[in-house]
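what would the 3D arrangement of this be:
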Amino acid sequence: MRLLAQRVTLIVALVFCLIFAIESDLQAATKSELELVRYVLKHYYVDILSEQQLMYSTPEEIVENLGDPYTNYYSSEEMNEFLAEMNGDSFGFGIFYEVNKDGSVKVLEVIKGSPAEQAGICKGDIITALADKSFIGKSDAERDEIFDSFSEGSIVNTVILRNDSVINVSIKVGYYHIPLVSSKDMGNGIVLVSIFSFGQDTYDEFTKELAKYPLLKGIILDLRYNTGGMLGQGYFICDDILQEDILMWIKKRDRPLEAVKFHNTSAFYSQPMVLLVNEYTASTSEVIVAAVKDYRRGVILGKTTYGKFCGQLMFRVGEGSILKYTVDYNLTPNKHELNKIGITPDIVVNENELDLAQILLEEVIREQGNYKHVLSVDLIYGNAVFDVKQLYPGRTFIKDNRLFISLQEIANITEHKIEMDDQGYWVVEKDGIYSRLDANSTDLDVVDTKPYISVTKLAEVLGGKVEFNQETKRVVIYWN
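Sure thing, here's the model as predicted:
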């Protein structure tokens, strides 16, 4: 089936960690395709299957009744089409969409260079009908059938609702190419890098895009709507942005956990980073996001991700026929199991993600020449970010119009030692330099036996300065 509208749910179900498994001994002429499918699933599927689950009369029936959206049986044509799509070659309209309650379609994104963009379709448009076939009241299957009914070159009259006005637009359905990676200079040394899919050239394009910016100071890595692809390409990118060595853990049937390691070249580790995610960020994208979050390498911003933490292999079972089957579950570097759960961002926002990411990075870069470190605290939501490399894990609160922040958590981040002396002073020390803080001072407060310090006093202790941004409602502390 052709992906005419880049339907998110279908892409997520298809994209996987791409590894070809060729087991020639199983492909003997004495084994039929049905026998091969039964054998592979019985011995290598991630979960133990019952004989009843394997006794259906066709490979398609066996796969369908597993209830696993990532285990599929493909014809040669379907597989070639899928691989082409993963590398950015697609057919159809070129939109991401969600379905409204009445059956109409809301456009979430319009793919650059697609037939939809060329016809003037915009993000936020509501599509109510295609070629006089209304979406209103239609089921998912009926709507998919309408999208899939057009051949190359078809001129499709599209009825859209935009700003309370009904507009008719003609879209010429056809093939188009989606760049796997694109970039944009956001100013002040900040670069937006958007990765659409992990195809065979994604890493090469990623490094080529970043090479365009020799004065790179901060990276916004946009993985929204990226539903995955080749896991190896994700490895290579993690090599460049992380310093640790474990990317994830693999959990296979009847085997101990296996660590997947990368080479950590750390080519782009020094730059602060924000990752943009949403509910369609899946698979290989989630592997990268989970590693960045566990190692507190960057700040994750957006919506909770899709939740595909399992890997697939492919097995050739006949003339062109391919069985793709789930072979393992993936755990994050800290061994969190997030399959069917997804990753909760450090900062949850539903809109203007790019604007907030740029603000966070600019706060670091603005004073980078004078100060090594920046702590940015959002007065509206209470979250705080340190150097845009990790989320500050402690609580903040406002008392008497002053912002207080956990002294112990700050000490952990800045590698200071903190303890109370026998005279009732909190002593903060690093590299032989001490600060004594009177526990009874109005600059300190205690909540649940834990000390909190006002940001003005904290800036003084750290030898830095504090600023308040009225426009963004953020307090920013700078120090060396």
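
in this protein, which helix or strand is least confident?
Ranked by mean pLDDT, DSSP states H and E, the weakest helix or strand in the chain is helix 8-14, scoring a mean of 36.

for E337, see how far away I250 is.
For I250, the distance to E337 equals 12 Å [Cβ to Cβ, to the nearest Å]. Every C-beta, even on glycine, is put in place using the N, C-alpha and C of the backbone.

neighbour count winner among those two?
More crowded of I250 and E337, by other Cβ atoms under 10 Å: I250, with 17 against 13.

per-residue pLDDT, the more buried one?
On pLDDT, I250 comes in at 95.

now the strands for the stretch 201-350 of the chain?
With DSSP state E, counting those that start in this stretch as the criterion, the stretch 201-350 of the chain has strands at 218-222, 246-251, 258-261, 273-277, 299-302, 310-316, 322-331, 347-348.

ignore the last one, the stretch 351-480 of the chain
Using DSSP E, counting those that start in this stretch, strands in the stretch 351-480 of the chain cover 373-378, 384-386, 390-391, 396-399, 402-406, 417-420, 425-430, 433-438, 444-447, 450-454, 465-469, 474-479.

and if you look at the stretch 1-150 of the chain?
For the stretch 1-150 of the chain, the strands defined by DSSP E, counting those that start in this stretch cover 20-21, 72-74, 89-92, 95-99, 105-110, 126-130, 133-134.

and these: which comes nearest G187?
strand 105-110 (23.1 Å; Cβ to Cβ).

which other helices and strands does that closest one contact?
strand 95-99, helix 115-119, strand 126-130 (3 or more Cβ pairs under 8 Å, 6 or more residues apart in numbering; DSSP states H and E).

point out where the stretch 151-300 of the chain drops to low pLDDT.
Within the stretch 151-300 of the chain, the set of residues satisfying pLDDT under 70 is empty.

helices of that one, start to end?
All helices of the stretch 151-300 of the chain, identified by DSSP state H, counting those that start in this stretch, fall at 202-210, 231-241, 284-294.

in CSV, list the ones you listed along with mean neighbour count and distance to Y478.
Output for the helices of the stretch 151-300 of the chain, formatted as CSV (neighbours: other Cβ atoms under 10 Å; distance: least, Cβ to Cβ, whole Å):
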stretch, mean neighbour count, distance to Y478
helix 202-210, 19, 27
helix 231-241, 21, 25
helix 284-294, 26, 24
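
would you list those helices in JSON lines and tack on distance to N72?
Listed next are the helices of the stretch 151-300 of the chain as JSON lines, based on distance: least, Cβ to Cβ, whole Å:
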{"stretch": "helix 202-210", "distance to N72": "22"}
{"stretch": "helix 231-241", "distance to N72": "17"}
{"stretch": "helix 284-294", "distance to N72": "17"}
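
of all those helices, which one is nearest H416?
For these, the distance to H416 is smallest for helix 284-294, at 23.8 Å, taking Cβ to Cβ.

what angle sits between that closest one and strand 310-316?
Relative orientation of helix 284-294 versus strand 310-316 (axes from the mean of the first three to the mean of the last three Cα atoms, to 10 degrees): 150 degrees.

list the contacts for I160?
Shown in contact with I160 (Cβ atoms under 8 Å, 6 or more residues apart in numbering): I121, D125, I126, I127, T128, V166, I167, N168, V169.

how about the nearest residue to E209, chain neighbours excluded?
Closest residue in space to E209, ignoring its immediate chain neighbours: S183 at 4.0 Å, by Cβ to Cβ, 6 or more residues apart in numbering.

and what of I365?
In space, I365 is closest to K217, 4.9 Å off (Cβ to Cβ, 6+ apart).

from E209, how far out is that neighbour?
From K217 to E209 the distance is 16 Å (Cβ to Cβ).

wait, what's in contact with D185?
D185 sits next to V191, Y213 when contact means Cβ under 8 Å, 6+ apart.

that one pairs with what?
D185 has the following beta-bridge partners by DSSP bridges: V191.

check the gap between it and Q200 for me.
D185 sits at a distance of 27 Å from Q200 (criterion: Cβ to Cβ).

likewise for N100?
36 Å.

wait, E117 touches V110, no?
Yes - assessed by Cβ atoms under 8 Å, E117 is found in contact with V110 at 5.0 Å.

find residues that contact each of those two.
Residues touching both E117 and V110 (Cβ under 8 Å, 6+ apart) are G94.

who has more neighbours, the two?
Each of E117 and V110 has its neighbours counted (other Cβ under 10 Å); V110 has more, 24 against 17.
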